[in-house]
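Student: Turn this into a structure:
(3 chains)
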Amino acid sequence: MLEVRSLTVRHGYLQALTDITLTVASGETIAIIGANGAGKSTLLRSIIGLHRPSAGSIMLDGRDITVLPPHARVREGIALVPEGRRLFPSLSVEENLLVGRSSRRPGSWSLGAVYELFDWMGARRREPTIHLSGGEQQAVAVGRALMANPQVLLLDELSLGLAPTMVRRIYGVLPKLVKQGMAVLLVEQDVTQAMRIADRFQCLLEGRTTLEGKPADATKAQVEAAYFGLAGRTGPGSAA
Amino acid sequence: MNWVNAIVQGILLGGLYALFACGLSLLFGVVRVVNLAHGDFAVLAAYLALVVITTTHVPALLTFVIVAPLFAIFGYGVQRLIIQKSLDVSPLTTLLVTFGLSVVIQNVLLVTASADSHSFDLGSLISASLRITPELSIGYVPLMIFVTAVVVLSGLQLFLSRTAMGRAIRASADDQEASSIAGVNTRHVFGIAAAIAFATVALAGLALGSSSSFDPSAGPSRLIFAFEAVIIGGVGSLWGTLVGGIILGVAQAVGAQIDPSGGVLAGHLVFLAVLALRPQGLIRARLAV
Amino acid sequence: MTRPAADMATGTAAVRVTRSRRSALWGLIGAAVVVILLATLPYVVYADMTDLLVNAFILLVLASMWNLLAGYCGLISVGQQAYIGVGAYTVLVMAQNGINPYLAIPLAVLVAAAIAVPVSFLVFRLRAEYFAIGTWVVAEVFFLVLIRFRSLGGGTGTGLPGLALIDPVFRQALTYWSALAVAAAALLATYLLLSSRMGLDLTAIRDNEVAARSAGVRVTWAKRVVYIVSAAGCGGGGAVLIISQLNVLASAVFSVGWSAKMIFIALIGGVGSIEGPIIGTAIFTVIQQTLAQSGAWYLILLGSLAVVVAMFLPRGIWGLISSRLNLQVFPVGYWLHK
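Tutor: Predicted coordinates for the structure are as follows:
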């Protein structure tokens, strides 16, 4: 459903991503792992359209969306839950969710459906989001993305700043979404958490793919090597 | 004129200043642009109204029906074609571009309309007033302008808090990036915000033409008063522009009572005092507009 | 785990850092020669030529000062005319008290700088976007306060005493040399400021203020210094202005039109370089001489040019030239040689 082909993205003088290729099919969950600065967030942000690639393409259901602006990509069926939540501080919980409906894509997600998914939210819907805890804010951010009725859901560092129980609760809703056919591409610092829920994973280091495959097939040593860039690398700067 | 009269006139003048200020505040709160041609656009609207009056014989008070929507469309165009492009270069380029536009507008008006001052012919309404007490009377025109300001501010507040577009505007003002990834076409939304701001600028220009005379160079002083009203009332608050406008108006009126030529200076001094003592203004507000 | 630096640098030769390139040194020498040549002009050309140059020098000073603020601190001011007025009126007050106006020029510079100090605390409270109008309000306040003083001419202006006894030709030459001196001093001060340690801070601020602050640059202090220097320069410009006009009219000297001219010149020539205002002044003077008769039309042209240049040619004409030719007349940067 979502295809990224040979994507190369520059940040000023820095090459953030080099030749990244991946696919996510409907009902699949793909995890992107890697150390800080590996390019994971840049990848998601490029897929949603916040960064222009210097090479490569992004296809959604066979349609080329590489040059579309973010709001047009949301219309096509991608939604991003950004790193750090990025809720709108002067809007209430419900208003935040309603903004997610701006692209007016048809689908089964509505305020009622989101309140069913997160049963505490309905009662607190008129409150300003700054009154909520980190985990609750994360839930609102996920809800806001769901309101766009996406085919592909991008999740950026969901676990950042959250207690482990909160993290498990948030990730706990994923199976429901996946069963409905949604494709999920997530970025996660916590490798164990990522490997637990992903069908396939891809490891990034300095903007390149160093390892990919199924979590069950990869050994701990392989993942470590790919994560830190230890195995078979020569030249200056390879040691941490 | 006695003191009470001066203060009441000042309060009503605050309505005019609030009309000028809300467009400036809206554009800055949402698009993060200070439009240095703000006052000149208002004067342009006043001249446009004069043209409408002479060609269509529409009564002066009803010209807003034609001028305000025209200006809204004009504002959308200015935002998407000029201001957005300037913002893409750098945030401060907009200051230079709007300053250039200010000079261009003033001189185009000078060339097409001459340096003579004009005002709208409102007939007997200009001097008609409401007598409250033997010493205190309130002019109908200043009162109407004040009421217009309150109506506009209320309308804006309702629009921003109750409509989907208003929500999109507030979201884009909070966090443009997050808004775009939520599916909001932020460039279009900024255009709408500018359209609304320009519509209020048109109303302010018409109010100016109804209450006093104007000439091509009248813009900059209006910009300064609008700016002072925004800062006194508190950046980021719509109703703050009314409070700021009233304080400025009263300061100017009281100053003029003390010394006939000292009204404007008194207003400036109050502004500087607020800047020195309470730079965040008098009304603390939440983010966005 | 760390490795010795030599290992990390394997394969790259040592790098040499020098202050300036040969061509830049010639630029400085050339500038000195130009100043000397310009100083001989009163002996060579008629007074209307030197008068034209006096106006050009004043504009050059003003534009350079505006450019310092905008190009290196990101502070767009629309109120530097406040200090033009301060400079002019300081000379007036001194002259009314028997001091030779030419000798009052340095004093005008100092007074403008002194007044800029408390004003800076006030206007720096405004965020960058509102700073522009804030400086304009300050200029308006100066104007409104000054016209209350009858002794200074009030709103109708007054003549500058103290120069009536000097031979007119000699006076025009003296005025020309003062203007040349002030312009040369302003450019020299700008060059010294930008090539000093503070200049490095300013370039860092210009490139990325947040990064500069986190690297330890004292951003507010640097901006304040630049604001004061800019005010001082404008004071000098105002002092020369009143001497060349022999009278002062408050509404003219405090007019926002001065800011308009500064902005146009700096924009068209190129913001953020010393050479830019020089080119901009030359272009502006030509436009002014050929079109000034057309009154409003020439302002429409200038305003439109400013809009177009700001949007499409943000580094101005000098920016275009220097990036094409990799040229810098005043060496304020560093060069890396391999």
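
Student: where do the helices sit along the stretch 151-300 of chain C?
Tutor: Using DSSP state H, counting those that start in this stretch, the helices of the stretch 151-300 of chain C run over C:168-195, C:197-207, C:209-214, C:219-245, C:250-253, C:257-269, C:275-291, C:296-312.

Student: Give me the buried positions along the longest helix belonging to chain A.
Tutor: Ranked by number of residues, the top helix in chain A under DSSP state H is helix A:134-146. For helix A:134-146, burial by neighbour count (16 or more other Cβ atoms under 10 Å in any protein chain shown) applies to A:Gly135, A:Glu136, A:Gln137, A:Gln138, A:Ala139, A:Val140, A:Ala141, A:Val142, A:Gly143, A:Arg144, A:Ala145, A:Leu146. For every residue, glycine as well, the C-beta is placed using N, CA and C.

Student: Name the spans of chain A whose pLDDT lies under the cut-off.
Tutor: Across chain A, the ranges flagged by pLDDT under 70 are A:231-240.

Student: Which parts of it are helices?
Tutor: Under DSSP H, chain A gives helices at A:40-48, A:70-76, A:93-99, A:111-117, A:134-146, A:164-172, A:174-179, A:191-197, A:220-228.

Student: B:Ser217: which of these is closest?
Tutor: helix A:70-76 (42.0 Å; Cβ to Cβ).

Student: what about the residue of the stretch 1-150 of chain B found nearest chain A, which helix or strand?
Tutor: The minimum distance from the stretch 1-150 of chain B to chain A, using Cβ to the nearest Cβ, falls at B:Gly29 (10.3 Å). Per DSSP states H and E, B:Gly29 falls inside helix B:3-31.

Student: Give me the helices and strands touching that helix, please.
Tutor: helix B:38-56, strand B:137-139, helix B:140-162, helix B:164-174, helix B:186-211, helix B:219-233, helix B:238-258 (3 or more Cβ pairs under 8 Å, 6 or more residues apart in numbering or on different chains; DSSP states H and E).

Student: Of those, which is nearest chain C?
Tutor: With Cβ to the nearest Cβ, the closest approach to chain C among the helices and strands packed on helix B:3-31 belongs to helix B:219-233: 4.5 Å.

Student: Can you confirm whether that closest one lies near chain C?
Tutor: Yes - using Cβ under 8 Å from any Cβ of the partner chain, we find that helix B:219-233 touches chain C at B:Pro220, B:Leu223, B:Ile224, B:Phe227, B:Glu228, B:Ile231.

Student: Tell me the buried residues in that helix?
Tutor: By neighbour count on 16+ other Cβ under 10 Å, the buried set for helix B:219-233 is B:219-220, B:222-233.

Student: check contacts around A:Thr29.
Tutor: Neighbour list for A:Thr29: A:Leu174, A:Val178, A:Ala183, A:Val184, A:Leu186, A:Ile197, A:Ala198, A:Asp199, A:Arg200 [criterion: Cβ atoms under 8 Å, 6 or more residues apart in numbering or on different chains].

Student: partner residues bridging it?
Tutor: Beta-bridge pairing of A:Thr29 under DSSP bridges involves A:Val184.

Student: separation between it and A:Arg144?
Tutor: Applying Cβ to Cβ, to the nearest Å, the value for A:Thr29 to A:Arg144 is 20 Å.

Student: Quick check, central residue of chain A?
Tutor: Among the residues of chain A, A:Leu155 comes closest to the average C-alpha position under Cα atoms, centre = their mean, at 2.4 Å.

Student: hang on, that residue packs against A:Val187?
Tutor: Yes - using Cβ atoms under 8 Å, A:Leu155 is in contact with A:Val187, at 6.9 Å.

Student: Among the residues of helix B:219-233 next to chain C, find the lowest-pLDDT one for me.
Tutor: Sorting these by pLDDT puts B:Ile231 at the bottom of the list (90).

Student: Now do the contacts for the nearest residue to that one once chain neighbours are set aside.
Tutor: Leaving aside its chain neighbours, B:Ile231 sits nearest to B:Gly281 (6.0 Å; criterion: Cβ to Cβ, 6 or more residues apart in numbering or on different chains). B:Gly281 makes contact with B:Val230, B:Ile231, B:Ile232, B:Gly233, B:Gly234, B:Val235, B:Ser237, B:Gly240, B:Gly244, B:Val274 under the criterion Cβ under 8 Å, 6+ apart.

Student: Give me every residue in chain B lying close to chain A.
Tutor: Residues of chain B lying near chain A (Cβ under 8 Å from any Cβ): B:164, B:167-168, B:170-171, B:173-175, B:177-186, B:286-288.

Student: ChimeraX command to pick out the buried ones of these?
Tutor: In ChimeraX, this line selects whichever of those come out buried by 16+ other Cβ under 10 Å:
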select /B:167,168,170,171,173,174,175,178,179,180,181,182,183,184,185,186,288
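
Student: of the helices of chain A, which approaches chain B most closely?
Tutor: Smallest distance to chain B across those (Cβ to the nearest Cβ): 3.7 Å, for helix A:70-76.

Student: The closest one and chain B, any residue contact?
Tutor: Yes - counting by Cβ under 8 Å from any Cβ, chain B has neighbours in helix A:70-76: A:Pro70, A:His71, A:Val74, A:Arg75.

Student: now, among those residues, which is nearest to C:Leu38?
Tutor: The nearest one, if we look at these relative to C:Leu38 and count by Cβ to Cβ, is A:Pro70, at 56.4 Å.

Student: ok, now which ones touch the closest one?
Tutor: Going by Cβ under 8 Å, 6+ apart, A:Pro70 touches A:Ile48, A:Gly49, A:Leu50, B:Ser180, B:Ile181.

Student: What of B:Ser213?
Tutor: Contacts of B:Ser213 by Cβ under 8 Å, 6+ apart are B:Ser117, B:His118, B:Ser119.

Student: Tell me how far the first one lies from chain C.
Tutor: What that stands for is B:Ser117. 16 Å (Cβ to the nearest Cβ, to the nearest Å).

Student: and the gap between that residue and C:Thr156?
Tutor: With Cβ to Cβ as the criterion, B:Ser117 and C:Thr156 are 21 Å apart.

Student: what about the residue of the stretch 101-250 of chain C found nearest chain A, neighbour count?
Tutor: Residue of the stretch 101-250 of chain C nearest chain A, by Cβ to the nearest Cβ: C:Asn208 (10.6 Å). Per other Cβ atoms under 10 Å in any protein chain shown, the neighbour tally for C:Asn208 reads 11.

Student: Next: C:Ile115.
Tutor: When neighbours are counted by other Cβ under 10 Å, C:Ile115 registers 20.

Student: Now for C:Gly319, how many residues are close by?
Tutor: By the measure other Cβ under 10 Å, the count of residues near C:Gly319 is 18.

Student: buried sites along the helix or strand in which it is found?
Tutor: Assessed by DSSP H and E, C:Gly319 sits inside helix C:316-325. Of the residues in helix C:316-325, C:Gly316, C:Ile317, C:Trp318, C:Gly319, C:Ile321, C:Ser322 count as buried by neighbour count, 16+ other Cβ under 10 Å.

Student: just to revisit the earlier point, TSV please, covering the buried residues of helix B:219-233 and showing distance to C:Trp221.
Tutor: Listed next are these as TSV, based on distance: Cβ to Cβ, whole Å:
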residue	distance to C:Trp221
B:Gly219	36
B:Pro220	32
B:Arg222	36
B:Leu223	31
B:Ile224	29
B:Phe225	33
B:Ala226	32
B:Phe227	27
B:Glu228	28
B:Ala229	32
B:Val230	29
B:Ile231	25
B:Ile232	29
B:Gly233	31
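
Student: quick one: which of those residues is nearest B:Thr93?
Tutor: Of all those, B:Leu223 has the smallest distance to B:Thr93: 18.4 Å, by Cβ to Cβ.

Student: Contacts only, for that closest one.
Tutor: Counting by Cβ under 8 Å, 6+ apart, B:Leu223 makes contact with B:Leu24, B:Leu36, B:Ala37, B:His38, B:Gly39, B:Asp40, B:Ser102, C:Ile133.
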